[in-house]
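> sequence unknown, structure follows:
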C-alpha cells in the first residue's frame, strides 16, 4: 500500500465523484455502462502513463476508490437518485418489502467495488503493456512529419 501513488489515486477518485453525480442526476441514463467504460479507460490510461510499476495494484486501488465514491454519492443523495433513475426504482421495488433500497446499495457497494477494482487493475496492466509502444509509434510519426 505504501508503494501506491496516492496523489494520482486522489485525482482518479474525482472520476468516481463525477460518475456518482452523473448517476444521481440521471445524466447518463441508459448509457451508464458506456460512461463507466470511459471512466475505466481514462483511469487505466492515467495509471499506465504516470505509474512506473505495480499497475495492477494501482488499478485495483483506483477501481475500489472510484466505485465507492460513486456509490456513496448515490446513497447520500438517494431520493434524488431514485427520482432521476426510474428504471432503478422498478428494480428496487422487487426487493423484499422490509429491505430498504439504500441499505441494499450500502451492502452491495464493497462487492461491486472489489469487482470494479479487479477490472480496472486488468485494464491498467494491459494499458501499461501497450501504451509505450503507442507513444513510441506516435513519436516516430512526429519525427517523420518534421
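Arrived safely, thanks for sending. This one's a predicted model, so the numbers in the text were calculated from it and none came from an experiment. Numbers count the residues shown, from 1 in each chain.

> roughly how far apart are the residue nearest the centre of the chain and residue 109?
Taking Cα atoms, centre = their mean, the centroid of the chain lies closest to residue 66, which sits 4.6 Å from it. Going from residue 66 to residue 109 by Cβ to Cβ, to the nearest Å gives 12 Å. C-beta here means a position set from N, CA and C on the backbone, and glycine is covered the same way.

> neighbouring contacts of the helix or strand bottoming out on mean pLDDT in the chain?
Sorting the helices and strands of the chain by mean pLDDT, DSSP states H and E puts helix 86-92 at the bottom, at a mean of 81. Contact with helix 86-92 is made by 30, 81, 82, 101, 104, as judged by Cβ atoms under 8 Å, 6 or more residues apart in numbering.

> any idea which of those has the most stuff around it?
Neighbour counts for the contacts of helix 86-92 peak at residue 81, which has 22 neighbours (criterion: other Cβ atoms under 10 Å).

> quick one: contacts for that residue?
With contact taken as Cβ under 8 Å, 6+ apart, residue 81 is in contact with 23, 24, 74, 88.
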